[in-house]
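In: just coords:
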């Protein structure tokens with residue numbers, strides 16, 4: 001039997017970075033995000049051999065290891081290994097060989113939450129195979145713990161919850177890893193217009209988000225007033241975005257995105273650079289009313305709000321810079337797991 005799962009990637013619309021400790025622990029964070037029709041997928045099979053075969057199909061990476069209590073964490077396929085090690089330690093895995101394969105519809109370091117979403121998908125496949133009684137909050141929190149605490153990978157909390165719950169969500173983050181997910185009942189016509197006008201652009205560069213996030217975390221610990229005030233403003237931006245979506249004030253979204261982008265750049269060095277600024281200005285000149293870098297910054301995907309019919313002119317201008325406009329649709333569901 002084959003056990004599969006898929007979890008959607010996300011676009012962060014507002015509040016990005018305020019879900020990262022220690023800011024969220026000290027001040028509370030807020031983020032508004034929406035999942036899209038790009039996915040992380042995982043497949044698990046039990047096999048008769050006493051081996052563990054892991055493969056990342058999209059990256060052409062694989063590793064074949066003997067069946068053992070704990071797999072070595074060495075920078076290669078560590079997300080799968082982290083899930084295996086946690087479940088094995090807790091006595092939730094059978095003592096049998098297995099084959100685990102993964103793939104993601106966007107490159108690592110692209111700013112759409114790929115690593116955390118893949119972690120959720122991997123955990124979902126194991127949960128399906130082992131019949132683990134995990135609710136949505138349980139699954140998202142366990143994925144967060146394995147990635148951030150067991151593996152020590154720097155980052156926030158929003159991606160695991162977005163991938164698990166799906167849809168349009170206003171999320172609140174507090175100390176002691178407390179997270180509240182508020183699904184938003186946005187009118188379908190508002191979402192259709194947002195989807196039509198929001199352009200997703202891959203800058204053809206990736207980045208290692210951990211370094212940027214570590215600087216951001218240090219700024220909070222060092223009580224860097226400029227950085228902390230920027231995060232306060234991003235938290236307020238999430239409230240503004242929520243109100244604009246619920247009330248259908250879509251013309252304000254570009255301005256809200258732009259405000260957030262200007263604040264985000266104050267959080268840490270490396271979030272923007274001359275190349276990304278050139279892309280941003282080209283989009284604005286072609287008709288976008290605002291936009292932002294997706295994820296921690298430094299590269300990867302960017303989003304732009306293109307009112308009216310500006311989307312086509314913006315897409316043409318950005319394509320000339322060498323990147324790629326990525327088609328997508330919003331999704332209203334999170335992780336799905338099944339057997340076949």
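Out: Here it is on my side, so go on. Only a predicted model underlies this, so the values are computations on that prediction, with no experimental measurement involved.
In: rest of the way, CA atoms for contacts and neighbours
Out: Will do.
In: need the helix or strand of this structure with the lowest average pLDDT.
Out: helix 209-221 (a mean of 79; mean pLDDT, DSSP states H and E).
In: contacts for the next helix or strand after that helix, please.
Out: Later in the chain than helix 209-221, the nearest helix or strand by DSSP states H and E is helix 225-247. By Cα atoms under 8 Å, 6 or more residues apart in numbering, the residues outside helix 225-247 that reach it are 13-18, 23, 29-32, 170, 184-187, 190, 216, 219-220, 249-250, 252-253, 256, 259-260, 263-264, 266-268.
In: in strands only, show me those.
Out: 13, 14, 29, 30, 31, 32, 170 (DSSP state E).
In: what is the neighbour count of the fifth one?
Out: Here the neighbour count serves as a burial measure; for residue 31 (other Cα atoms under 10 Å) it reads 27.
In: what sits opposite it in the beta ladder?
Out: residue 171 (DSSP bridges).
In: all the helices of the stretch 1-150 of the chain, residue numbers only.
Out: Ranges of helices in the stretch 1-150 of the chain, per DSSP state H, counting those that start in this stretch, are 23-27, 78-89, 114-130, 136-144.
In: closest to residue 43 out of these?
Out: Among the helices of the stretch 1-150 of the chain, helix 114-130 comes nearest to residue 43, with 6.4 Å by Cα to Cα.
In: what is that closest one packed up against?
Out: With contacts taken as 3 or more Cα pairs under 8 Å, 6 or more residues apart in numbering; DSSP states H and E, helix 114-130 sits against strand 2-14, strand 29-47, helix 78-89, strand 97-104, helix 136-144, helix 158-165, strand 336-339.
In: how about those, which one is nearest residue 327?
Out: strand 29-47 (8.9 Å).
In: if we can go back for a sec, and the contacts of helix 225-247, which are buried?
Out: Those of the contacts of helix 225-247 that meet the buried threshold are 13-18, 23, 29-32, 170, 190, 216, 219-220, 250, 252-253, 256, 259-260, 263-264, 266-268, by 16 or more other Cα atoms under 10 Å.
In: from the contact counts, what lies against the host helix or strand of residue 285?
Out: Element membership of residue 285 [criterion: DSSP H and E] is helix 274-286. Helices and strands touching helix 274-286, as assessed by 3+ Cα pairs under 8 Å, 6+ apart, comprise helix 310-319.
In: would you mark the buried spots in the helix it packs on?
Out: Buried residues in helix 310-319, defined by neighbour count with 16+ other Cα under 10 Å: 310, 311, 313, 314, 315, 317, 318.
In: which residues touch the least confident helix or strand of the chain?
Out: 20-23, 109, 153-155, 227-228, 267-271, 295-298.
In: of the residues you listed, buried ones?
Out: Of the contacts of helix 209-221, these count as buried by 16+ other Cα under 10 Å: 20-23, 109, 154-155, 227-228, 267-268, 270-271, 295-298.
In: name the nearest residue to the residue nearest to the spatial centre of the chain, ignoring sequence neighbours.
Out: The chain has residue 113 as the residue nearest its centroid, 2.0 Å off, counting by Cα atoms, centre = their mean. Spatially, and ignoring its direct neighbours in sequence, residue 113 is nearest to residue 159 (5.5 Å; Cα to Cα, 6 or more residues apart in numbering).
In: can you count the residues close to the one you found?
Out: For residue 159, the neighbour count with other Cα under 10 Å is 30.
In: which residues of the stretch 151-300 of the chain score low on pLDDT?
Out: 205-210, 296-297 (pLDDT under 70).
In: same thing but at 80, please
Out: By pLDDT under 80, the weakly predicted segments of the stretch 151-300 of the chain are 204-212, 268-270, 295-299.
In: and the angle for the least confident helix or strand of the chain with helix 225-247?
Out: 110 degrees (axes from the mean of the first three to the mean of the last three Cα atoms, to 10 degrees).
In: buried stuff in helix 209-221?
Out: Result for helix 209-221 [16+ other Cα under 10 Å]: buried residues 209, 211, 212, 213, 216, 217, 219, 220.
In: go on, stretch 104-112?
Out: Applying 16+ other Cα under 10 Å to stretch 104-112 flags 104, 106, 107, 108, 109, 110, 111, 112 as buried.
In: try stretch 162-178
Out: Buried, per 16+ other Cα under 10 Å, within stretch 162-178: 162-174.
In: centre of the chain to that stretch, how far?
Out: Its chain's C-alpha centre and that of stretch 162-178 lie 11 Å apart, by Cα atoms, centre = their mean, to the nearest Å.
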